[in-house]
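Asker: 3D model of this:
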Amino acid sequence: MGYWDPEVYRELERRNREDKRLKPLSLAVIFAVTMLLRVLDWVTTGIALARGYVEANPLQSQLLAMGPIYYFAGQILGTVAVSLLLWVSTRYASLTEILVFDTILFSVPVLNNLALILG
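Answerer: Here you go, the predicted structure:
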């Protein structure tokens, strides 16, 4: 078997694919970061709503009008849905890429709420 042997390349490609698969611990980290940001969003939104601001997300606004349980359920279902989509996505191959995407996606509402509350 030489360096240019096709078997060597197949083996290297197989190892590369295995290395990019997310391990259960990685998935737990992704889910924990996502849930933390969603809880922060829920808490800061609650504070902003108590101060007279309105929910900017039309879907969440409808759920909020139905009651806090529906609103919270919508938050949790949205979190689970996005986490599952990231998990099955082949585009996001590494934990770092998923965490960056998750953090950007879910930190924007938190930062917006903090700006309203503190500003």
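
Asker: got a pLDDT number for Ile69?
Answerer: What the model reports as pLDDT for Ile69 is 90.

Asker: can we start the residue count at 26 from this point?
Answerer: I'll keep to 26 as the first residue from here, and by that count the last item is Ile94.

Asker: and the most centrally placed residue in the chain, what are its phi and psi?
Answerer: The residue lying closest to the centre of the chain (CA atoms, centre = their mean) is Asp127, at 3.7 Å. The phi and psi values for Asp127, taken as degrees, to the nearest 10, are phi -60, psi -50.

Asker: where's it relative to Leu102, distance?
Answerer: As defined by CB to CB, to the nearest Å, Asp127 lies at a distance of 16 Å from Leu102. In this view, the C-beta of every residue, glycine as well, is placed from N, C-alpha and C.

Asker: now the residue nearest to the centre of the chain. Nearest residue, chain neighbours left out?
Answerer: Distance criterion CB to CB, 6 or more residues apart in numbering; nearest residue to Asp127, sequence neighbours excluded, is Thr59 at 5.1 Å.

Asker: what about the one you found, neighbour count?
Answerer: Close neighbours of Thr59, defined as other CB atoms under 10 Å, add up to 22.

Asker: can you check Thr69 too?
Answerer: For Thr69, using other CB under 10 Å, the count is 19.

Asker: now the helix or strand harbouring it: buried residues?
Answerer: Secondary structure from DSSP states H and E places Thr69 in helix 49-75. Neighbour counts over helix 49-75 (16 or more other CB atoms under 10 Å) mark 51, 55-56, 58-60, 62-63, 65-67, 69-70, 73 as buried.
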